[in-house]
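Undergrad: Kindly generate the corresponding structure for this input.
(2 chains)
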Amino acid sequence: MKQVQLSHGGGGEETNKLIHDLFYRHFKNDILIKAEDAAVLQTEGKIAFTTDSFTVSPLFFEGGDIGKLAVAGTVNDLAMMGAKPLYLSSAFMIEEGFPFEELERIVGSMAAELEKSGAKIVCGDTKVVPRGSVDKLFINTAGIGQIMREGISSQTIREGDVIIASRDIGRHGATVLMAREGLEVSADLGSDCETLWPAVEALIDDKISISALRDATRGGLAAVLNEWAENSGVCLEIEESAIRVSDEVQGICEMFGFEATDLANEGTFVAAVAPMHAAFAVSTLQRFGFCGEAAVIGRVTQQYPGKVVLHSAFGSRRFLDLPKGELLPRIC
Amino acid sequence: MSELKLKDLYDGFRDPATIRMLSAQIGEAAKALHEPLRIMEVCGGHTHTIMKYGLPQLLPDNIDFIHGPGCPVCIMPKERIDHAIALARMDDTILVTLGDMIRVPGSQSSLAVERAAGRDIRPLYTPMDALKIAKEHPDKRVIFFAIGFETTTPMTAALLHAAIAQKVTNLYFHINHVLVPPAIDAIMSDGRAKINAFIGPSHVSVITGAKIYAPLPEKYGTPVVVCGFEPVDVMQGILMAVRQQAEGRAELEIEYSRSVTMEGNVKAQQLIDTYLRARSHFRWRGIGDIPDSALELKPEFAHLDAEKVFAEVLPTEPIDDHKLCICGTILKGLAKPMECKVFGTACTPNTPLGSCMVSSEGACNAYYRYAGVLG
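TA: Numbering: from 1, shown residues only, chains lettered A, B, ... in the order given. As a prediction, the model looks like this:
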């Protein structure tokens, strides 16, 4: 089996071959193959700029892999600001001995994910580090997008706005946990990892009045809602029964004592929209398979500014708190 | 074997219509109470359910919850956590334990801090993983810091059984298993806690049988209902306790009849008895020494007992809680989290002074997370 060696990161012939035969082959575009020190880019108007680093164990999981995550994650950060993803950088930190075949699968998966938004990888970097210095493979991606709708911000959510979740929650966190623990509980459980720009673009094209968008990654739905409540100084009142959670994810939460609202997602977002556009926004989202379960989950009030209140179906209510510390299973 | 359907674990037991109906029935039955019903939920799992689902909001004013000592993390005295830390600091050692034990502060440090400093400390999802780790690292000693009430004890016994049968010689056990009935007895015989009913945790009784609570109704005149953890279970259990009290009965009843019997899981009990025996005393955090309230390895397994094998590195001095912390008073049923001066200010889940805040099973943690101003 062919493996990545330290020489692949040495800057010489092997590095050159790796870049040309692997990265250029998959990420091929006019800007990248010029192989200049920096990419020269053409943009119009305001741009959004973001970066993120990706580590996940295992590297391959049901519904995706680290490459898909690295592209979808950065593209989604741009989309959540109403920006059309245009250009990405990608930097690989590879542990010596990493199988070439797996690297190729990951790079191929990145190329496939890029097609969904039309974004291009226009610059990059490769480092190979001695065995034990990193856990197999880390990827950093940065992205630039063109702002297509201004004013989308977690600080401008208004009383009366309606909160929409784009689908069921907790799939990515539950999937990775199951893969990590080697538990086979259900064949139907897969990560939600997905590029969200097409759905956001449709909301913008349909002229939905959007106050805020946020993908519910680490920290899950609970983190997004709490950040919004705090940043905008409003109270988010959420109907627990409206939050979609698959049977598989809920079952895993029951087994380990987790809350689905705390689990990570990689293709689920939350939107705050004007009340008159709520139904239209839901139907727009539902045109996309990955938003088939889009639903209104709550509304914005001023009852407890800075707090998220969860209403149960049987008439009680409680605060939904931010997840704390690392996710560890309850003891009993 | 039929496929496990995860939905079966909870489906139906959160049904809004059933919960509303039970709420109405409790309200009606509670009118006949001569004095307020002060129910102690012994187990932190019940505290969690009660607060998470906001059940007090569905109950009349003359029903009050008093939170009990049933959280294995909350009742662990600091010197035992210091044991775990001392063991983890030994060379060529992997310390494994369950869940949020990792976060609990000892007198100077915590397992999370030690792990960040480079010690090999691993949380387990199931104790049996300790055996796998021991086999994968024959050059290291793996120490299982075993915690929990009667619920988790059979898993420790099963791990002991498997390790001995498979001749795994590098796995050691630090046993901190504690027992529910002596703790209840200690609280009730103290006489200060105004408790007149109990709901007991079903998962303990799945193992031990409901029989472990049999002396309580007679000795203290209190109803005991062994109860599941879903909101429907807890509401049904409360209704059963209210009806007993209103009718002047004090009996042991089983709400969770789908898995609990009077006798329990005899096979699990035998497995435990093979390896473990009652410890003469165990110091409960905030409560103090309670005789026969915990388990230890039988003398014939001393060679697996981390407390004996590594005795020279283990501190022996008892260490008390922070002076401002009233966890002990809360665990004895004498105060509620909001009555603590540092609740939510100096003591939060991110900066816990006491174990009731650090443990996700703890009463303070449940109040902080779910209640706030909603009460």
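Undergrad: Quick check: residues of the stretch 151-300 of chain A near chain B?
TA: Residues of the stretch 151-300 of chain A lying close to chain B by CB under 8 Å from any CB of the partner chain are A:181, A:185-186, A:241, A:247-248, A:250-252, A:254-257. Placement of C-beta: from N, CA and C, glycine included.
Undergrad: Filter the residues you listed down to just the buried residues.
TA: Buried members of these, counted by 16 or more other CB atoms under 10 Å in any protein chain shown: A:185-186, A:247-248, A:250-252, A:254-257.
Undergrad: Those residues in helices, which ones?
TA: A:247-248, A:250-252, A:254-256 (DSSP state H).
Undergrad: if we can go back for a sec, the residues of the stretch 151-300 of chain A next to chain B: which two are farthest apart?
TA: A:181 and A:241 (29.4 Å; CB to CB).
Undergrad: How many neighbouring residues does the closest residue to residue B:75 other than its chain neighbours have?
TA: Distances taken as CB to CB, 6 or more residues apart in numbering or on different chains place residue B:284 nearest to residue B:75, at 4.7 Å, with adjacent residues excluded. Counted with other CB atoms under 10 Å in any protein chain shown, residues neighbouring residue B:284 total 23.
Undergrad: what's residue B:284 in contact with, if anything?
TA: Shown in contact with residue B:284 (CB atoms under 8 Å, 6 or more residues apart in numbering or on different chains): B:69, B:75, B:77, B:178, B:183, B:186, B:290, B:293, B:331.
Undergrad: cool, residue A:70 as well?
TA: Going by CB under 8 Å, 6+ apart, residue A:70 touches A:52, A:54, A:90, A:110, A:139-141.
Undergrad: make it 6 Å
TA: A:54, A:139, A:141 (CB atoms under 6 Å, 6 or more residues apart in numbering or on different chains).
Undergrad: and if you look at residue A:134?
TA: Neighbouring residues of residue A:134 by CB under 6 Å, 6+ apart: A:93, A:95.
Undergrad: one more time with 10 Å
TA: By CB atoms under 10 Å, 6 or more residues apart in numbering or on different chains, residue A:134 lies in contact with A:55, A:93-96, A:98, A:127-128.
Undergrad: Might you specify the subset of those residues located within strands?
TA: If you go by DSSP state E, the contacts of residue A:134 have A:93-95, A:127-128 in strands.
Undergrad: Dump the residues of the stretch 151-300 of chain A next to chain B to a markdown table, plus pLDDT and distance to residue A:118.
TA: Shown next, in a markdown table, are those (pLDDT from 0 to 100; distance: CB to CB, whole Å):
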| residue | pLDDT | distance to residue A:118 |
| --- | --- | --- |
| A:181 | 72 | 37 |
| A:185 | 62 | 37 |
| A:186 | 62 | 34 |
| A:241 | 95 | 38 |
| A:247 | 89 | 35 |
| A:248 | 89 | 33 |
| A:250 | 89 | 36 |
| A:251 | 85 | 38 |
| A:252 | 86 | 35 |
| A:254 | 80 | 41 |
| A:255 | 78 | 41 |
| A:256 | 80 | 39 |
| A:257 | 79 | 42 |
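Undergrad: Most widely separated two among the ones in strands among the contacts of residue A:134?
TA: Distances among these were taken as CB to CB; the most separated pair is A:95 and A:127, at 10.2 Å.
Undergrad: what about the residue in the stretch 51-200 of chain B that chain A sits nearest to, neighbour count?
TA: Residue nearest to chain A within the stretch 51-200 of chain B: residue B:54 (3.0 Å; CB to the nearest CB). Residue neighbour count, defined by other CB under 10 Å, stands at 22 for residue B:54.
Undergrad: And residue B:113, by the same measure?
TA: Per other CB under 10 Å, the neighbour tally for residue B:113 reads 16.
Undergrad: For the residue lying closest to residue B:13 once chain neighbours are set aside, give me the pLDDT.
TA: Among residues not flanking residue B:13 along the chain, residue B:230 sits closest, at 3.3 Å (CB to CB, 6+ apart). On pLDDT, residue B:230 comes in at 90.
Undergrad: What of the one 4 residues further on?
TA: pLDDT for residue B:234: 96.
Undergrad: Need the three-state assignment for the residue nearest to it when sequence neighbours are not counted.
TA: Of all residues not flanking residue B:234 in the chain, residue B:49 sits nearest, at 5.5 Å (CB to CB, 6+ apart). With DSSP: H, G, I helix; E, B strand; the rest coil as the basis, residue B:49 sits in helix.
Undergrad: element containing residue A:145?
TA: Using DSSP states H and E, residue A:145 maps to strand A:137-147.
Undergrad: in the stretch 201-332 of chain A, which spans are strands?
TA: A:210-215, A:235-239, A:269-273, A:295-301, A:308-311, A:317-319 (DSSP state E, counting those that start in this stretch).
Undergrad: do the stretch 51-200 of chain A as well
TA: Under DSSP E, counting those that start in this stretch, the stretch 51-200 of chain A gives strands at A:60-61, A:64-65, A:83-95, A:120-129, A:137-147, A:162-165.
Undergrad: quick one, which of these is packed in tightest?
TA: Of all the strands of the stretch 51-200 of chain A, strand A:162-165 carries the top mean neighbour count, a mean of 26, counting by mean count of other CB atoms under 10 Å in any protein chain shown.
Undergrad: returning to what we had before: with respect to chain B, which of the ones in strands among the contacts of residue A:134 is nearest?
TA: Minimum distance to chain B across the ones in strands among the contacts of residue A:134 is 19.5 Å, recorded for residue A:95 (CB to the nearest CB).
Undergrad: Quickly note the distance from that closest one to residue B:116.
TA: 22 Å (CB to CB, to the nearest Å).
Undergrad: Read off the pLDDT value for residue 202.
TA: All of this is about chain A. Note for residue A:202: predicted pLDDT of 98.
Undergrad: wait, I meant chain B there
TA: The model's pLDDT for residue B:202 equals 90.
Undergrad: Burial check on it, number of neighbours?
TA: 27.
Undergrad: Now do it against residue B:260, distance only.
TA: Residue B:202 is 5 Å from residue B:260, by CB to CB.
Undergrad: that older thread, out of the strands of the stretch 201-332 of chain A, nearest to residue B:301?
TA: With CB to CB as the measure, strand A:317-319 is the member of the strands of the stretch 201-332 of chain A nearest residue B:301 (45.2 Å).
Undergrad: for chain A, where's the lowest mean pLDDT among helices and strands?
TA: Scoring the helices and strands of chain A by mean pLDDT, DSSP states H and E places helix A:247-256 at the bottom, with a mean of 86.
Undergrad: that older thread, for the contacts of residue A:134, which one is nearest residue A:176?
TA: Nearest to residue A:176 among the contacts of residue A:134, with distances taken as CB to CB, is residue A:55, at 11.3 Å.
Undergrad: Report the beta-bridge partners for the residue lying closest to the closest one once chain neighbours are set aside.
TA: Using CB to CB, 6+ apart and skipping residues adjacent in sequence, the residue nearest residue A:55 is residue A:138, 5.3 Å away. Residues in a beta bridge with residue A:138, per DSSP bridges, are residue A:93.
Undergrad: next one: residue B:171
TA: Taking DSSP bridges as the rule, residue B:171 bridges to residue B:142.
Undergrad: wait, doesn't it sit right on residue B:129?
TA: No: shown here, residue B:171 and residue B:129 do not form a contact pair, counting by CB atoms under 10 Å, at 11.3 Å.
Undergrad: who touches both of the two?
TA: Any residue near both residue B:171 and residue B:129 by CB under 10 Å, 6+ apart counts here, and that gives B:96, B:144, B:159.
Undergrad: what's the helix or strand for the last one?
TA: Which is residue B:159. Using DSSP H and E, residue B:159 maps to helix B:153-165.
Undergrad: buried residues in that helix?
TA: Those would be B:153-160, B:163, for helix B:153-165 by 16+ other CB under 10 Å.
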